[in-house]
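J.: Let's see this in three dimensions:
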Amino acid sequence: MINSTFGVLESPGQPRHPGGKEHATKLKVLIYEAEEGGYWAKVPAIPGCVSQGETIEEVKANIFDALEGCLAVREEMAVQEAPAVEEMEL
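T.: Next up, the predicted model:
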């Protein structure tokens, strides 16, 4: 298993936070050798965010693309979510 950490930045010129500041989030990416050859990777913090590639370079590029897609879907879902009436901890 290869352990990588990617720094994920917002697109330049499109800040999402008040004050116009960009932010970075580090996410752990786990890369494994696939039994059939090549590699596969996952982002443990984001269930379902997985990808594969024939080389380490390819799997890194592919998981980054998958991560962008997963984050876009999560953002869209958050926008569509109705506001909570009440929040509680169990």
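
J.: Could you list everything the residue nearest to residue 66 when sequence neighbours are not counted pairs with in the sheet?
T.: Using Cβ to Cβ, 6 or more residues apart in numbering and skipping residues adjacent in sequence, the residue nearest residue 66 is residue 51, 4.2 Å away. All C-beta atoms are positioned from the backbone trio N, CA, C, and that covers glycine. For residue 51, the beta-bridge partners are residue 41 (DSSP bridges).

J.: any idea how far residue 51 is from residue 61?
T.: 9 Å (Cβ to Cβ, to the nearest Å).

J.: same deal with residue 43?
T.: Taking Cβ to Cβ, one finds residue 43 at 14 Å from residue 61.

J.: out of these two, which sits in the busier spot?
T.: residue 43 (22 against 13; other Cβ atoms under 10 Å).

J.: Ramachandran coordinates for the spatially most central residue of the chain?
T.: Closest residue to the average C-alpha location of the chain: residue 67 at 3.3 Å, with Cα atoms, centre = their mean. Main-chain torsions, residue 67, degrees, to the nearest 10: phi -60, psi -40.

J.: In this structure it contacts residue 49, no?
T.: Yes - contact between residue 67 and residue 49 holds when scored by Cβ atoms under 8 Å: they sit 5.8 Å apart.

J.: Now do the shared contacts for these two.
T.: residue 43 (Cβ atoms under 8 Å, 6 or more residues apart in numbering).

J.: list the buried ones in the host helix or strand of residue 58?
T.: Using DSSP states H and E, residue 58 falls within helix 56-80. Residues of helix 56-80 classed as buried: 59, 60, 62, 63, 64, 66, 67, 70, 71 (neighbour count, 16 or more other Cβ atoms under 10 Å).

J.: With stretch 47-57 instead?
T.: 49, 51, 52, 53.

J.: quick one on the thing from earlier: separation between the residue nearest to the centre of the chain and residue 76?
T.: Residue 67 sits 15 Å away from residue 76, going by Cβ to Cβ.
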